[in-house]
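Colleague: Fold the following.
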Amino acid sequence: MKTRITELLGCQYPVIQGGMAWVAEHKLASAVSNAGGIGLIAGGSAPIDYLREQIRLCKENTDKPFGVNIMLMSPNADDLAQLVIDEKVSVVTTGAGNPAKFIPAWKEAGVKVIPVIPSVALAKRVEKAGADAVVAEGTESGGHIGENTTMCLVPQVVDALEIPVIAAGGIADGRGVAASFMLGAEGVQIGTRFLASEECQIHPTFKELVVKAKDTDSVVTGRYTGHPCRNIKTKFSKKLASGEKDGSLTPDEFEELTLGSLRKAVQDGNLEEGSFLCGAIAGMINDVKPCAEIVREIMEQAEKLLKI
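Modeller: Predicted structure coming up:
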């Protein structure tokens, strides 16, 4: 399948793996790139030396393009912005803000810039700043979310921009890809489906939660902190949701409880203290497969539906 996204990024399929914090490391990223998509390494707030190693290990495992996700609110964002230039990374996606101050240097270095945006307003600003494409991410996504749904957000962003749009949020099979293309997207970003991949290095308990999840096993917590986050329902996430609803947890207490909780989920599988960030689409995921098989099945179904 050829779109402006495959031409821009030099990949076989217009599929980007989400830059999930504590999850998206070199083994997953290289597997997705080798499968014909674009794998991402999550920058998060990890040490620069660790991220440099991750980038170099990814290069050892694939000769295909891959990228790095940078959270602009992270304390290491400036250093990571320079690191992707130094290491000649093909693609950068950004979250939590406007990357305008970094874009000229990235463009000069030949890095493709794709901000993740939750609104038309921010989409217009990043296009004006020189972004090559945007990821329009709906509230169905796992982790930190906006309020607009994928179905509503994507066509509005498509209508507002000249650069290509990548849809994200609630996409786990070829039907989601085909629907996104009908909305005007030219690519998709997928996160939750890759949690249940053989190459994903998360704790087995996390994978089991994703595979066993039902349609009602998604909960959003932290709205009153200003940073709503979508999780799988566990005893811990139910405790957070209850404390938020009845006022027994102040926003400060909520923040203190959740500090380090994603790491506890990803690395330890800690059901008592871990935040298992996951999209609302988890109820559709019933098995663990290699990334190559996931990508192939998704694209074969999408192409059949789109009659490409």
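
Colleague: Now do the helix or strand that contains Lys245: distance to the chain's middle.
Modeller: In this structure, Lys245 is located in helix 235-246 according to DSSP states H and E. For helix 235-246, the distance between its averaged C-alpha position and the chain's averaged C-alpha position is 25 Å (C-alpha atoms, centre = their mean, to the nearest Å).

Colleague: buried set for it?
Modeller: Buried residues in helix 235-246, defined by neighbour count with 16 or more other C-beta atoms under 10 Å: 236-237, 239-241, 243-244. For the C-beta atoms, the positions are set from N, CA and C on the backbone; glycine is no exception.

Colleague: ok, of the residues you listed, which one's closest to Val266?
Modeller: Of all the buried residues of helix 235-246, the one sitting nearest Val266 is Phe236; the distance, using C-beta to C-beta, is 13.7 Å.

Colleague: Quick check: pLDDT value at the closest one.
Modeller: The score at Phe236 is 93. That number is its pLDDT.

Colleague: do Gly142 as well
Modeller: 86.

Colleague: Nearest residue to the residue lying farthest from the centre of the chain in space, ignoring adjacent ones along the chain?
Modeller: Within the chain, Ser248 marks the point farthest from the mean C-alpha position, 31.7 Å out by C-alpha atoms, centre = their mean. Ranked by C-beta to C-beta, 6 or more residues apart in numbering and with sequence neighbours excluded, the top spatial neighbour of Ser248 is Ser242, at 7.3 Å.

Colleague: if I look at that neighbour, how far off is Lys233?
Modeller: Counting by C-beta to C-beta, to the nearest Å, the gap from Ser242 to Lys233 is 12 Å.

Colleague: Show residues contacting the least confident helix or strand in the chain by mean pLDDT.
Modeller: The helix or strand of the chain with the poorest confidence is strand 143-144; it has a mean of 86 (mean pLDDT, DSSP states H and E). When contacts are defined by C-beta atoms under 8 Å, 6 or more residues apart in numbering, strand 143-144 is touched by residues 20-21, 95-96, 191, 227-230, 277.

Colleague: got it, and stretch 264-271?
Modeller: Stretch 264-271 is contacted by residues 22-23, 202-206, 234-236, 273-277 when judged by C-beta under 8 Å, 6+ apart.

Colleague: Repeat that for stretch 204-215.
Modeller: Contacts of stretch 204-215 with the rest of the structure, by C-beta under 8 Å, 6+ apart, involve 192, 195-196, 200, 232, 234, 265-266, 269, 271, 276, 278, 282-283, 285-288.

Colleague: how close does the residue nearest to Ser248 sit to Leu249?
Modeller: Using C-beta to C-beta, we find Ser242 at a distance of 8 Å from Leu249.

Colleague: Over to Ala42?
Modeller: 28 Å.

Colleague: The two: which has the busier surroundings?
Modeller: When neighbours are counted by other C-beta atoms under 10 Å, Ala42 comes out ahead of the other of Ala42 and Leu249, with 24 against 20.
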